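Peer 1: Please find the sequence and the predicted model below.
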Amino acid sequence: MTIYDAINDGILDRKMMRDTSSYAREWYGVGYLLGSSTKIDASNNAGEGYLSYIQYLSPASGYSRATHERKPSLCPFATKGCEAACLGVSAGRMRFTSVQRAQVKRTALYHKERDAYFACLAHEILRAKRKAEREGLRLSVRLNGTSDIIWENIPVDIMGVRFRNIFLAFPDVIFYDYTKIPLDYRRRALSTPNYHLTYSYTGETESLTRARDYLREGVGVSVVYTGNPDRAADAILPSVKSRVDGDVHDMRFLDPAGSIVLLKAKGDAKRDRSGFVVRG
């Protein structure tokens, strides 16, 4: 059963979901869970037939630092280099404190009122899907804009209607994410038809091993670089000849399988010396 089946069969009350969403957003001071960014704007202007949205939660242990509450990191395999250079902290629009406060509020809703959080998320996806359909586009959603949550393992309860995960609730929506989590923890994601992963290289020896594991499964690997992109790619994975300019748009599900996705260092990442940013 999908969320559309639940609504059409009268099992899920859409008005109640909307009212619950409005109340939760007001209580937690959340505007919306899904939004945009410079890269998402580029995706929507790329002419590929998709309307894209992204969610920004507090990166890594940012929520615990901001609230002094002991909560697990939303990026369990974050390194010092990637955390310091995280787009949620140091680049573009994300530099602004008001944006970081909004991330904390969304994360509070996620941690403290999980069912209300999913009611909000489902309500927003339904609205976004209607907008995409009016414009003759397909909808794509990136839930881990600044987090690394294993969404395929999280059951979803939307107004008492249970789904194994958010992807099965919305099988006609394309979801995609970057991840630093080893392949063994994310194999279920690879068998989810409407979910696409790209592994994010961190510069550590273990990360190179993990990158090769993902590449063997046809999953792309993103590399943050400065200097010459081809030299950066050759420095770590010279045998992979399929290379993508990841700054053109964010729709990684359109990349050829097993590609290196080259992302130019931005913000504080330009000064990284941890190995997270590869120098070409």
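Peer 2: That came in fine, so what should we check first? Residues are numbered from 1 along each chain as shown.
Peer 1: buried stuff in stretch 39-46?
Peer 2: Lys39, Ile40, Ser43, Asn44 (16 or more other CB atoms under 10 Å). Placement of C-beta: from N, CA and C, glycine included.
Peer 1: what sits up against that stretch?
Peer 2: 36, 50-54, 140, 142, 247-251 (CB atoms under 8 Å, 6 or more residues apart in numbering).
Peer 1: export it as PDB, just CAs?
Peer 2: Coordinates of each C-alpha in stretch 39-46 appear next as PDB, following Å, rounded to 0.1, in the frame of the first residue of the first chain:
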ATOM      1  CA  LYS A  39      22.500  23.500  -6.400                       C
ATOM      2  CA  ILE A  40      18.900  22.600  -6.200                       C
ATOM      3  CA  ASP A  41      18.000  25.800  -8.100                       C
ATOM      4  CA  ALA A  42      20.500  24.700 -10.700                       C
ATOM      5  CA  SER A  43      18.800  21.300 -10.900                       C
ATOM      6  CA  ASN A  44      15.400  22.900 -11.400                       C
ATOM      7  CA  ASN A  45      16.900  25.000 -14.200                       C
ATOM      8  CA  ALA A  46      18.700  22.200 -15.900                       C
END
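Peer 1: Checking Tyr178 next. Helix, strand or coil?
Peer 2: strand (DSSP: H, G, I helix; E, B strand; the rest coil).
Peer 1: Could you pull up the contacting residues of it?
Peer 2: Residues in contact with Tyr178, defined by CB under 8 Å, 6+ apart, are Asn144, Asp148, Leu197, Thr198, Tyr199, Ser200, Ser222, Arg252.
Peer 1: Quick check: closest non-adjacent residue to it.
Peer 2: Spatial nearest neighbour of Tyr178, chain neighbours left out: Ser200 (4.6 Å); criterion: CB to CB, 6 or more residues apart in numbering.
Peer 1: Quick check, the one you found in contact with Ser222.
Peer 2: Yes - with contact defined as CB atoms under 8 Å, Ser200 reaches Ser222; the gap is 5.0 Å.
Peer 1: picking that back up, check the contacts of Tyr178 and tell me the two furthest apart.
Peer 2: Asp148 and Arg252 (14.6 Å; CB to CB).
Peer 1: In this structure, mark out all the strands, start to finish.
Peer 2: 34-35, 50-55, 138-142, 156-158, 161-163, 174-179, 195-200, 220-226, 243-245, 260-264, 277-279 (DSSP state E).
Peer 1: Tell me how far Gly275 lies from Thr226.
Peer 2: For Gly275, the distance to Thr226 equals 12 Å [CB to CB, to the nearest Å].
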